[in-house]
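A.B. asks: sharing a model that was predicted from the sequence below.
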Amino acid sequence: MKEKLTGLLQSIWKPLVAVFFAVICSWLLLTAFGYPANEAFVSLWDATFGNLRVFGNTLNKACPLLFTGIAVAIGNRGSVFNIGAEGQFIMGCTAATWVGITFTYMPGILLMILMVLAGALAGAAWAFIPGLLKTKFSISEIITTIMFNYIALQLVGYLVRNPMRDLSQAEPQSYTIAEQGFMPYLIAKTKLHPGFLFGCIAAVVIFILLFKTYFGYEVRAVGYNSTAAKYGGINVSRTMISTMLISGALAGMGGAFEVAGSAHYLYEKISNGYGYTAIAVAILANNNPIGVILSSLLFGFLASGSTAMQRNIGVSSSFADIVQGIIIIFVAVAAVSRVKKKRTAPARPGKKPVLKEAKQ
Amino acid sequence: MNVVEMHGICKYFGNFCANKNIEFTLKQGEVHALLGENGAGKSTLMNILYGLYAHDEGHILINGEEVHMSSPSVAIQHGIGMVHQHFMLIPQLTVTQNIFLGMDKETGIVHHIKELDKKVQELNDRFGFNVNPQSLIWQIPVGVQQKVEILKVLMRQAKILILDEPTAVLTPNEVEELFTSIRMLADSGYSIILITHKMSEVMTYADRVTVMRLGEVIGSVNVKDTTEEELAHMMVGRDVHLERQIEPKEAGRPLLEIDHLRVKNDKGLPAVDGISFAVHAGEIVGIAGVDGNGQLELGEAIVGGRKIEDGDIRLDGESVTKANIRRHLDLGLAHIPDDRLTKGLVLQFPIKQNLIMGTQRKAPFAHGLMADNHAITKHGAEMVEAFDIRPHDPEYLAGGLSGGNQQKVILAREVSRDPKVMLAIQPTRGLDIGAIEFVRSKLVEERAKDKAVLLISTDLDEILSLSDRILVMHGGRVMGEVSPDVDVSILGLMMAGKSQEDLKAEQHAAAGGGVQG
Amino acid sequence: MDLSSFLAATIRMAIPLLIAALGLVVSERAGLINIGVEGTMLTGAFAAFAVAYYTNNYWLGMLAGMLAGCFMTLIFAVASIRFRAPQVVIGCAINMLGSGFTAVLFRKMFFDAQTGGTQVTPFPPIQIPGLSSIPFIGEVFFQHNIIVYIGFILVPAIWFLMNRTSIGTRIIAVGEHPKAADSLGINVFTTRYAATLFSGLLMGMAGAYLAIAQSNTFQVDMTGGKGYIAMAVVVLGKWKPGGVLLGALIFGGSNALQMTLQNAGLNIPNNLILMVPYIVTVLAVLAACKKKAVDASAKGVAYEKA
Amino acid sequence: GGTSTTPEGSTPPAEGGSEASDVKIGILIPGSPTDGGFSQQGAEAGKKLEENYGYEVATVEAGTADVIKSEAETMAAEGYKIVFGHGGQCSAPFAEICEDYPDTWFVTFGGTEIRDNLFPVCMCAEEGTYVLGVAAGMMTQTDNIAFTLGGDYPAYTKTTMGFALGAKSVNPDLKIQEAVLSSPDSNECYETTMNQIKSGADFILSNSNEGQAGAMKAVGESENVYTFGCLGNFFDMAPGKVLGNIIGDYNVGYDEATKAIMEGTAEAEIMYLTIANGCVSVEWNSDIPLPEDVQAAVDQAYEDIKSGKIDVPNEYEQDAAKEQLASYN
Ligand SMILES: Nc1ncnc2c1ncn2[C@@H]1O[C@H](COP(=O)(O)OP(=O)(O)OP(=O)(O)O)[C@@H](O)[C@H]1O
Ligand SMILES: Nc1ncnc2c1ncn2[C@@H]1O[C@H](COP(=O)(O)OP(=O)(O)OP(=O)(O)O)[C@@H](O)[C@H]1O
Ligand SMILES: [Mg+2]
Ligand SMILES: [Mg+2]
């Protein structure tokens, strides 16, 4: 137990130090651009922890990142680099919306469940083709998933202008989903929907799947060394496609929660680049689903903070991109310095070796 | 005169000392063998001399002058050339491009390909090599690649040649050729360091030998003043027994049957070309042959990792021609792959998790979907003890183990599955004598337990000392079956492509020549 | 629209992809996966625009764009070569930095500009004397701005660099087998740095083309995914300059096709037509996947000296 | 001669003793405040409010419904008096939250939702483009005109639709090429416009924010092709090629809405900004004199729109507009 705790601490302090340095860098940059940096950070803080309402907001902003972040993380564990979480998220939104505006006679709970399932299914379906192309034709999923993101975007554009269009609205958007399908707000006076909570559950489930089941063992084996996995009797293609499907399903579920919990209808820009930010979220968490909870919170914090900085000080909201970029570079560099140490220190005679699988 | 003197060399990898206070000298015009077990530090020492590794203590004199070997370019300037244990060629470049790689002073920035090709051809002619300068490396056989390595060194006008295990992948004839060239070079003033595990090569071709063990020099002796036994003893610090260990034994029913098998290689060319044989319970069948004659593809086809074009494979009577690897394992096939790092182990996994690869879905390691970490750890601890895998810690990462211990992990895993058929491909490649002894004894044990063992190896000694029967492969076909007491020269001829019938016919012709003529 | 102007448009749209992809060919064959093309191009575009705006000289703008691209790849190089951080991750970060920095700076420096955006004088089209008046061929090939011609010249130039010079063989060597290169006295780190920085020059040039050659202004996030497409083009082109040219033309062509389809007034919803370039790319990659590629095998792996 | 409206120098309306500097106003723009078009106009209008009345104006980029909702809510909760949504995309999100914050007024530019404290302001730029369309329809030599839109949104489509209707009204048989850009990107707009010009179009309208620069460049590089400026002064961007600009003064919209709210006269109904109330105007390029008959026709159209004789379909009437356009074929 104690060993586990120190292990946990060890895996957390480096990202923390990295984030700390990133904050200092951002502070310097803000000052260099001529903004009052201290005030900026105060408003960043207030925008997240100022009161219950803004905190709920932050959790809501973290929610899509949590789902897409886990999606990317499990993909990375199984060496399928899913840059397509964006498209899968969008397809999840689409399917959930379709369910929400079609089965309007259903009781709320059932409708919500159906929406989430439909979102997961659609996300998985959108991940399936790149997965298939990767395993059957060894076409890089990096390329295909990016293309599929653009295709999904245009598909939604088509749907909200034609078959799903709400004619009472001037803007191209779908009909609003049946009201009983709106997810309830958890805390009064906030718009906190249950998405983040379910995201945390998903994170734990995926953690267990990855590290406590034989399936996770196979996913990681394929991710680390697919040839050895193949000779160990693991069906590499099937494992990769399963990983891709789970990844897509998670991203799609994120989309469903976004529709049922927050947006309530479909429109073109429903994803704020969540699938792309998710890559950073997953990396920051070292592809550990539990860690994704924390890193998605950090990015949710940055997202709500960046508009606050713009509102109060006039700092362009793009400044958040800079901060994210800096954090990622610092964290990545810090993480490697840790891995390197583990690799090159062979057993000292008489001392207990410290080589353990990197789980965090 | 000493062209190289290394004094008090120490090299640490982290806390691990790979070279300890090494004293080493090389005389002008000698062939100096460096002998030692795996991990004794031979390659490390030579990499230091060549400037690839920085040493922590000691100094190096070249032709009597102290040199700071900060990088290979310094070594090259001082006339040192090295042929590495693992090939250092770029597959996508041509022979000429590889040879002139990094020689900007000679080639200029822009390559005049015709001129460069001509220079390679001249060198070819001078040393009696026959390498086509325009071939791409990936298209030529390993034997030729080895020559490209040597040409590379010669083109840099090295006078001091380091050859790190140059014969590991060559046929007996190619070895012969290589050493002829080496002798010629030595006689014309080149000084050569030869790293090898093969005692016979040392005894036949070297002038002097330095023996290393555990990072230290045990001693340097003139070859004519010593014996194989003495050297072996210096190397491992004890006596070793690699001689034939198996007693004649009645074979049982056929457990592995191969029927007119045809398989293609990665380039889409026929690699296994209609092979049939069977391996019975309680016997070891050895497949001898030079690397690249279809043995690897045969092995991959038997485990189910390669598409079978035609023919049939049966495991204990059941056809597995179309089955996947999983099915093979379930039917009782065990597999020691030729490359433990890529095919055998997940280096980022701890030992215990590597030990359940293939049985991860079965009890006691899994209940339903959930993995049983307790059972996995317990199994790991048992295996680590039973197979003396060091360190004795099932949580240790496989990537941190030495080669021999990595091989033991694979062996432990495969044996503990209680298979019917054991397919071992190059099971001792790159291992030291101690580890070799261990692995071989395990194979013999399996035979004793009435398993069918198929041993594919390019190491003739290994085949000869372990097999009940030997099949010789060449160009994807079986040249014939011989018993282990066969004359090695006949084996060599078969490995070079003479079929048994041809040999018999020739013998016959030779015997009956008078009648014919 | 007639074929010649269709082809001319194809070429204009292919050029930024081509130039960026040629840069990628060099750095990927040196063993680096840089998915930060988007951010690098964007930085190049902004720097080119800003310098061209203040100096009123598009050549200085181009130079600034290339240097800015170089600077972004320097960050990438230091993090991934020196510190051995995972390259894909650093690439992601570069994209965010590029997008963030250019947006913040653009807003800070040019907010009060007049409505309708801030313009610079772009590279003018050059009519190549004689050639430009050849019917058809003239319009397709010889009435472009100079960067287009430079893009075309770069194709054989990079081919020559990679196949006929010691620099090229060094680059291929460090990408394929860094240890072998090291053993021949080639400095793996220097070579990789050089390849990366060179690719940054080209990516910056591609970005600058967008801002001050094809167009005459900068926009926030104006690359709009062209960096990612350039990566796809490299795969399509099998890491060869000639192939990359073909890949860029395929994508440029499918974009031109998309525009032609829309203007033709067919009764197809726009969104479906806008999918065309992406679907074509997937299909093209699928069609090309059978051929053997020459991609570096030590790709994405940081080199470490013992 | 040019006719353009600028906001009159107004004084801050007094309201219940509160100091002007205490009044906080939020503006949510969908894109970059430097897009040289729609979003920039929102941001600049905010600056004007600040300068003219001394209110504290915060401009925030909010692209997605989720961000719009949370940002508007935060502003309302922090006591902002007015939250402007610059674009119809704010309509539905505002509708969801406005009932919780009755003390704040929510105003969207475009959009349909109306509540007690939420109303849209509709900038009828289509009235201006209709007039431009009349000029294009009469002057085209090739009987082929073209337009591009920065996206398939009503704010874009209604203007191009007005342009098409204007042109058809004087030249029912002309060919109109239209293309929607995948994003308001100047390079894409340049290529698309080039494509249109090469296919014979000689009068071009582009309503695509940043993208318009590309259209201007394409026109500038072509001979005998003319264009119009959309929502801004574009005469300098393609000298001698821009016949006229339509000016839609969002400042007036912001100003009117703010005044009405601060004076307590605001009503929850659509506020139209039209030629008639001086918010939309057309400005002709004095360097390129129009032929007399054309000048007469455009002036007539302008007056007819002003007087209500011609009703140009606004963003809520686009289906009708489509039918009307189809009726010409
Ligand atoms: N780069 C390295 N990092 C850490 N340890 C190393 C490294 N290179 C070699 N070693 C260790 O140093 C020891 C000596 O290795 P070396 O390669 O010199 O042995 P060798 O005598 O050449 O063995 P072989 O016969 O297998 O080639 C081994 O234990 C090896 O694991
Ligand atoms: N746009 C171009 N203009 C002129 N020549 C070109 C162009 N593109 C390619 N080439 C020429 O076509 C040939 C093949 O180009 P490619 O990039 O396919 O080279 P490669 O396949 O790497 O060459 P090799 O097969 O010799 O290794 C080269 O001679 C190159 O100079
Ligand atoms: Mg060695
Ligand atoms: Mg070729």
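C.D. replies: Alright, I've got the coordinates. Ligands and ions are numbered 1, 2, ... in the order given.
A.B. asks: how about the helix or strand C:Gly242 falls within against chain B, any contact?
C.D. replies: Using DSSP states H and E, C:Gly242 falls within helix C:241-263. No. Helix C:241-263 lies apart from chain B when judged by CB under 8 Å from any CB of the partner chain; the minimum separation is 14.8 Å. In this view, the C-beta of every residue, glycine as well, is placed from N, C-alpha and C.
A.B. asks: what comes up buried for that helix?
C.D. replies: C:241, C:243-263 (16 or more other CB atoms under 10 Å in any protein chain shown).
A.B. asks: output the contacting helices and strands for it.
C.D. replies: Counting contacts by 3 or more CB pairs under 8 Å, 6 or more residues apart in numbering or on different chains; DSSP states H and E, helix C:241-263 is packed against helix C:3-29, helix C:146-164, helix C:226-236, helix C:270-274, helix C:276-288, strand D:175-180, helix D:186-198.
A.B. asks: tabulate those (JSON lines), appending distance to C:Ser183.
C.D. replies: Below are those laid out as JSON lines (distance: least, CB to CB, whole Å):
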{"stretch": "helix C:3-29", "distance to C:Ser183": "19"}
{"stretch": "helix C:146-164", "distance to C:Ser183": "22"}
{"stretch": "helix C:226-236", "distance to C:Ser183": "29"}
{"stretch": "helix C:270-274", "distance to C:Ser183": "51"}
{"stretch": "helix C:276-288", "distance to C:Ser183": "34"}
{"stretch": "strand D:175-180", "distance to C:Ser183": "57"}
{"stretch": "helix D:186-198", "distance to C:Ser183": "47"}
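A.B. asks: out of these, which gets nearest to C:Ala181?
C.D. replies: helix C:3-29 (12.5 Å; CB to CB).
A.B. asks: is the closest one anywhere near chain B?
C.D. replies: No. Helix C:3-29 lies out of reach of chain B by CB under 8 Å from any CB, never closer than 9.2 Å.
A.B. asks: ok so, going back, ok and the helix holding C:Gly242 relative to helix D:186-198, angle-wise?
C.D. replies: On the basis of axes from the mean of the first three to the mean of the last three CA atoms, to 10 degrees, helix C:241-263 is oriented at 60 degrees to helix D:186-198.
A.B. asks: just confirm yes or no for helix C:241-263 near ligand 2.
C.D. replies: Yes. For helix C:241-263, a contact with ligand 2 is found by CB under 6 Å from any ligand atom, at C:241-243, C:245.
A.B. asks: ok, of those residues, which one's closest to B:Asn21?
C.D. replies: Among those, and counting by CB to CB, the member closest to B:Asn21 is C:Pro241, at 53.3 Å.
A.B. asks: pretty sure the closest one sits against C:Arg164.
C.D. replies: No. Between C:Pro241 and C:Arg164 no contact is recorded; they are 11.9 Å apart, counting by CB atoms under 8 Å.
A.B. asks: any low-confidence regions in chain D?
C.D. replies: Low-confidence segments of chain D (pLDDT under 70): D:1-21, D:329.
A.B. asks: can you confirm C:Gly31 is in a helix?
C.D. replies: No. Counting by DSSP: H, G, I helix; E, B strand; the rest coil, one finds C:Gly31 to be coil, located in no helix.
A.B. asks: tell me the contacts of A:Gly50?
C.D. replies: By CB atoms under 8 Å, 6 or more residues apart in numbering or on different chains, no residues touch A:Gly50.
A.B. asks: and for the one 10 residues further on?
C.D. replies: Contacts of A:Asn60 were listed using CB under 8 Å, 6+ apart, and they are A:191-193, A:195-196, A:261-262, A:300, D:66, D:70.
A.B. asks: hang on, the earlier thing: centre of the chain to the helix holding C:Gly242, how far?
C.D. replies: Counting by CA atoms, centre = their mean, to the nearest Å, helix C:241-263 is centred 15 Å from the centre of its parent chain.
A.B. asks: how about stretch A:320-333?
C.D. replies: For stretch A:320-333, the distance to the chain centre is 16 Å (CA atoms, centre = their mean).
A.B. asks: can you pull up the most central residue in the chain?
C.D. replies: As the question left the chain open, I've gone with chain A. A:Gly69 (2.2 Å; CA atoms, centre = their mean).
A.B. asks: try chain D instead
C.D. replies: Mean-position check on chain D, CA atoms, centre = their mean. Result D:Ala125 at 4.9 Å.
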